[in-house]
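Student: Sequence below, structure please.
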Amino acid sequence: MKLSLTKQILIGVALGIAIGHYAPEFGTSIGWIRDIFIHLIKLIIAPLVFATVVVGIAGGGGKHIGRMGLKAGIYFEVVTTLALVVGLLVVNLVQPGAGVVLSGDPGSIASIAATQPKSIIETILHIFPTSIIDAMAKGDVLQIVTFSVIFALALSAIGERARPMVEWCDTLAQTMFKFTNIVMMFAPIGIGAAMAATIGHQGVEILTSLGLLIGSLYGALIIFVVLVFGAVVAITRIPLVPFLRAIREPFTLAFVTTSSESALPMAMERMEAFGVPKRIVGFVMPAGYTFNLDGTTLHLSMASVFVMQAMAATVPGFTFGIEQQIMMMLTLMITSKGVAAVPRASLVILLATLSSFLPGDLQKYGPIAVAMIFGVDEFMDMARTSVNLMGNCLACIVVARWEGEFDESMARQYGSTPLSE
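Tutor: Numbering: from 1, shown residues only. Presented below is the predicted three-dimensional model:
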């Protein structure tokens, strides 16, 4: 039987869950297979982003870059704000932190507590690399995009003499897409190993200890996807079924590996095949990985209020009203922009935000609460990472439609070519 890649991945996921549950030690021991797969995917990102951005801008899109960036920025801010609002509403309705008593030692959270999120100034400064080689070595997508945009504008300025370089970048981009296809042949094995390692390390039982928080996060993300993303799809007249078909494999990849980066090359390829111009995909998708993290911002809003609800159950007389919650959401709208390039980024931002809102004598509970969430963070990371990926794919299409360059006929025909399999 010839199985599509999607079916192969689903089989890999099912086998991984079974191995992790029934043979946890073996499941944990094969985590290195997952690491090989993720390393190969990350290897693609720097040359692919560089090549697609340069070709898109130097090939004729340079004069539109400012306008496109403004439109993308407006869309990013509106959608991430709605994510915060949805998270705030759900966490107040479900009350997952009510009755949770904070006690014990923060333990494993010590290294996260020592990591500081970037301030607004530091985030802006971080955009501009001191060395493109260093940025590529670290896989810093935003810095690669910045260099690529300026490099492409310089190529546009020298005119016809730049044609050989543009053609070389176009060849590099096509080569990296083929490279991606080769690596994805290994995807079912790599993803199966990732799931086996996750279940083997954490155990299915851990889901019961904070099940209400996990369930409410998944529920909130579903509500967000249906209402917000659904409204965007309806307003911009995006063919829904072909869109879901286009993102199903990168979405699954992001979900299982808990890494948006691992799905970036495939997502970019699928958006181009879906009718979004290369220059828009090359600019919006990488930029969205810093400024359009819908799943992460929704999780932050829920996790922060969850902690405050647990504080109320732990400390008699402690209250945290809706006015304070709104102030916290406004803070998160700013601090969440510093998520990029920070290990366990959402936990870092959460801990820093809690430190700003907890009274001095209650500061000790912040690390304890975050340590509690840390235990199940990997399971929540699956959901928020895949929604981040979906949101950035959608953003590419929205900006393309806004620019009047979305090829709807290609979108509607998506699925009739071998690429979708």
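Student: CA only for contacts and neighbour counts going forward, please
Tutor: Will do.
Student: the helices in the stretch 251-400 of the chain, which residues?
Tutor: 260-273, 278-291, 294-314, 322-335, 345-357, 365-374, 377-402 (DSSP state H, counting those that start in this stretch).
Student: Which residues does the helix or strand harbouring Phe26 contact?
Tutor: Using DSSP states H and E, Phe26 maps to helix 24-29. Residues from elsewhere that reach helix 24-29 (Cα atoms under 8 Å, 6 or more residues apart in numbering): 16, 19-20, 193, 196-201, 203.
Student: From the chain's centroid, how far away is whatever helix or strand comes next after it?
Tutor: Using DSSP H and E, the helix or strand that follows helix 24-29 in sequence is helix 31-56. Taking Cα atoms, centre = their mean, to the nearest Å, one finds the center of helix 31-56 at 15 Å from the center of the full chain.
Student: Could you quantify the relative orientation of helix 31-56 and helix 278-291 as an angle?
Tutor: In terms of direction (axes from the mean of the first three to the mean of the last three Cα atoms, to 10 degrees), helix 31-56 departs from helix 278-291 by 130 degrees.
Student: how about helix 31-56: buried residues?
Tutor: The neighbour-count check on helix 31-56 (16 or more other Cα atoms under 10 Å) flags 31, 33-35, 37-38, 40-56 as buried.
Student: Restricting the selection to alpha carbons, write the particular helix or strand that has Gly16 in it to PDB.
Tutor: Gly16 belongs to helix 5-22 when assigned by DSSP H and E. Taking Å, rounded to 0.1, in the frame of the first residue of the first chain, the C-alpha atoms of helix 5-22 are listed here in PDB:
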ATOM      1  CA  LEU A   5       2.800  11.300   4.300                       C
ATOM      2  CA  THR A   6      -0.100  12.400   6.600                       C
ATOM      3  CA  LYS A   7      -1.100   8.800   7.200                       C
ATOM      4  CA  GLN A   8       2.500   7.800   7.800                       C
ATOM      5  CA  ILE A   9       2.900  10.500  10.400                       C
ATOM      6  CA  LEU A  10      -0.400   9.500  12.100                       C
ATOM      7  CA  ILE A  11       0.800   5.900  12.300                       C
ATOM      8  CA  GLY A  12       4.100   7.100  13.700                       C
ATOM      9  CA  VAL A  13       2.300   9.200  16.400                       C
ATOM     10  CA  ALA A  14       0.100   6.200  17.400                       C
ATOM     11  CA  LEU A  15       3.100   3.900  17.600                       C
ATOM     12  CA  GLY A  16       5.100   6.500  19.600                       C
ATOM     13  CA  ILE A  17       2.300   6.900  22.100                       C
ATOM     14  CA  ALA A  18       2.100   3.100  22.500                       C
ATOM     15  CA  ILE A  19       5.800   2.700  23.000                       C
ATOM     16  CA  GLY A  20       6.000   5.600  25.400                       C
ATOM     17  CA  HIS A  21       3.200   4.200  27.500                       C
ATOM     18  CA  TYR A  22       4.000   0.500  27.600                       C
END
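Student: where does the protein have low pLDDT?
Tutor: For the chain, the stretches flagged by pLDDT under 70 are 1, 59-64, 103-120, 123, 202-209, 334-345, 348, 360, 375, 415-421.
Student: For burial, what's the neighbour tally of Thr28?
Tutor: Neighbourhood size, Thr28 [other Cα atoms under 10 Å]: 21.
Student: In contact with the residue nearest to it when sequence neighbours are not counted, which residues?
Tutor: Among residues not flanking Thr28 along the chain, Ala197 sits closest, at 4.2 Å (Cα to Cα, 6 or more residues apart in numbering). Ala197 sits next to 16, 20, 24, 27-31 when contact means Cα under 8 Å, 6+ apart.
Student: Among the contacts of helix 24-29, which are located in strands?
Tutor: Nothing among the contacts of helix 24-29 maps onto strands, per DSSP state E.
Student: Taking those residues together, which two end up most distant?
Tutor: Maximum pairwise distance in the contacts of helix 24-29, criterion Cα to Cα, is 14.6 Å, between Ala193 and Gly203.
Student: Please report how far Ile373 lies from Leu15.
Tutor: Using Cα to Cα, to the nearest Å, Ile373 is found at 27 Å from Leu15.
Student: For the helix holding Phe26, list the C-alpha coordinates in PDB.
Tutor: This file holds the C-alpha atoms of helix 24-29, laid out as PDB (Å, rounded to 0.1, in the frame of the first residue of the first chain):
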ATOM      1  CA  PRO A  24       8.600   4.200  28.900                       C
ATOM      2  CA  GLU A  25      12.400   3.500  29.400                       C
ATOM      3  CA  PHE A  26      12.800   2.500  25.800                       C
ATOM      4  CA  GLY A  27      10.700   5.400  24.600                       C
ATOM      5  CA  THR A  28      12.800   7.900  26.500                       C
ATOM      6  CA  SER A  29      16.000   6.200  25.200                       C
END
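Student: I'd like the numbering to begin with 143 instead of 1 from here.
Tutor: Sure thing, new numbering starts at 143, so read that last one as helix 166-171.
Student: about what we covered before: now rank the contacts of helix 166-171 by neighbours and give me the top one.
Tutor: Neighbour counts for the contacts of helix 166-171, by other Cα under 10 Å, peak at Ala338, which reaches 33 neighbours.
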